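>>> next input, structure requested:
(one chain, ligands or ions: 1)
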Amino acid sequence: MSGATARTVTETGCHDLPVLYERGQHEVFCGLTSIVWLHRKIQDAFFLVVGSRTCAHLIQSAAGVMIFAEPRFATAIMEERDLAGLADMNDELDRVVGRLVERRPDIKLLFLVGSCPSEVIKLDLGRAAERLSRAFAPSVRVLHYSGSGIETTFTQGEDGCLAALVATMSSAAAEAAPSLLVVGALADVVEDQFRRLFDALGIERVGFLPPRRADQLAGIGPKTRYLLAQPFLADTAKALERRGARPIEAPFPLGAEGTTAWLEAAAAAFGVPAERVDSVTEAGRERAARAVERHRPALGGKRIFFFPDSQLEIPLARFLVRELGMEAVEVGTPYLHRAQLERELALLPPGTALSEGQDVERQLDRCQAAKPDIVVCGLGLANPLEAAGMTTKWSIELLFTPIQGYDQAGDLAELFARPLDRRTRLEV
Ligand code: SF4
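Reported below is the predicted structural model:
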């Protein structure tokens, strides 16, 4: 959790959506949390947090302690004794990495993940990554990004990680023909479904970032069109554009409508006729609509309040309002990245109350006054809100669960129906 000087400004943003900008105390998890899903996704990567005991505890408790498997994350703890000099800290880091690489020949990609303790901030991890990459080339590539909790939300860890990967993508491999790059970590099952759909649409050269293995990293260049699968990747998007790739603007693939619009946007960019898109997506659209419809009795007409946490809030609100008939009381987001969210904002009903940033006490007051049926928030707020009689949903679960695509639309709706059902049973 971190704080700043309180400031609240309300403006009418685009699409007639009032936006409340708040710059006060805010409750967020740090970017280290994203290691939990990233280490599962990139199967030959290792995430070495350069941090404190607090960082080690956070990452262990978030990811669980793996007793039987070899873990692919760890913390190099930089303690007081390391403060004697930066040279000592660099030597210590080199020793830790050396031991790790020697013991784990399966590691092909090593991320040095920065954190917020002051002794770590003094360390130049960019230089350390270059030095170590040279030392262990060609078998291990060493990159770095920050997972620091200073002014970040937990999904920014993924943004930093993917932006670091973009810098290492080859341009030679992308020169030949137009290609599609799907950007944002997706569960393997979801990635496989999308790959089959792109195949059926006739889009041949499709890469996913992050890849499942380091040597599957796609190429990039002016013929690359990128399609974001997650809404929190503003830095990655800038890095891709610096390498010549061009965006495909689309809503995000949540629910039947979002998934269809997302696929349609990719198809239009590659000249796929609308009739082909229609026939390829027909079965999926119908399955998703049927699965979502089952949750309408539980969710239709219910009022939902989003605290800013995962940066998925706006696409989620769009799905819940448009496909399940819920009412969004307030949709808070840590950052309102308009370039990435334009298509989503256009789909929200006029007058939807948006807020960017946070002043947690004021927002709690608004939430309590509104008495929503369900609140989506971070772990730190969930317990006090439950104790105050509210029904909550942890936003972090939406990153740990496959929710994108047609075949996950019903599961996504169920994630919101379940806490309401539990509350009803408790009250009986
Ligand atoms: S990076 Fe900062 S906020 Fe995150 S666990 Fe470490 S000390 Fe805490």
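>>> would you map out the domains in the chain?
Listed domain ranges for the chain are 8-26+292-427, 31-152, 172-287 (source: automatic domain parsing).
>>> can I get stretch 91-106 in CSV? Just the C-alpha atoms.
Extracted in CSV, the C-alpha atoms of stretch 91-106 (Å, rounded to 0.1, in the frame of the first residue of the first chain):
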residue,chain,number,x,y,z
ASP,A,91,29.5,-9.5,-6.6
GLU,A,92,26.8,-11.1,-4.4
LEU,A,93,24.3,-11.0,-7.3
ASP,A,94,26.8,-12.5,-9.7
ARG,A,95,27.5,-15.3,-7.2
VAL,A,96,23.8,-16.0,-6.7
VAL,A,97,23.2,-16.1,-10.5
GLY,A,98,26.3,-18.2,-11.2
ARG,A,99,25.2,-20.8,-8.7
LEU,A,100,21.7,-20.8,-10.0
VAL,A,101,22.7,-21.2,-13.7
GLU,A,102,25.2,-24.0,-12.8
ARG,A,103,22.6,-25.9,-10.8
ARG,A,104,19.7,-25.4,-13.3
PRO,A,105,20.7,-26.1,-16.9
ASP,A,106,16.9,-26.0,-17.8
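>>> hmm, Phe307 and Gln358 touching each other?
Yes - here Gln358 reaches Phe307: they are 7.4 Å apart, a contact under C-beta atoms under 8 Å. Placement of C-beta: from N, CA and C, glycine included.
>>> what about these two, which has more around it?
Phe307 (30 against 24; other C-beta atoms under 10 Å).
>>> got a list of what that one touches?
Counting by C-beta atoms under 8 Å, 6 or more residues apart in numbering, Phe307 touches 27, 332, 358, 363, 367, 375-378, 381, 395.
>>> what about the helix or strand encompassing Glu119, near the ligand?
According to DSSP states H and E, Glu119 maps onto helix 118-121. No - applying C-beta under 6 Å from any ligand atom, one finds helix 118-121 separated from the ligand by no less than 8.1 Å.
>>> what's around Ile403, how many residues?
25.
>>> quick check: closest non-adjacent residue to it.
Nearest non-adjacent residue to Ile403, counting by C-beta to C-beta, 6 or more residues apart in numbering: Leu412, 4.4 Å away.
>>> doesn't Ala256 make contact with the one you found?
No - with contact defined as C-beta under 8 Å, Leu412 does not count as touching Ala256 (10.4 Å).
>>> now the common contact residues for Gln358 and Phe307.
27, 332.
>>> after the helix holding Glu119 comes which helix or strand?
Downstream of helix 118-121, the first helix or strand assigned by DSSP H and E is helix 125-136.
>>> CA atoms only: put that next one into PDB for me.
This file holds the C-alpha atoms of helix 125-136, laid out as PDB (Å, rounded to 0.1, in the frame of the first residue of the first chain):
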ATOM      1  CA  LEU A 125      19.900  -4.000 -12.600                       C
ATOM      2  CA  GLY A 126      20.000  -3.100 -16.300                       C
ATOM      3  CA  ARG A 127      23.800  -3.200 -16.200                       C
ATOM      4  CA  ALA A 128      23.800  -6.300 -14.100                       C
ATOM      5  CA  ALA A 129      21.600  -8.000 -16.600                       C
ATOM      6  CA  GLU A 130      23.900  -7.000 -19.500                       C
ATOM      7  CA  ARG A 131      27.000  -8.200 -17.600                       C
ATOM      8  CA  LEU A 132      25.400 -11.600 -16.700                       C
ATOM      9  CA  SER A 133      23.900 -12.100 -20.200                       C
ATOM     10  CA  ARG A 134      27.400 -11.700 -21.600                       C
ATOM     11  CA  ALA A 135      28.800 -14.100 -19.000                       C
ATOM     12  CA  PHE A 136      26.200 -16.800 -19.700                       C
END
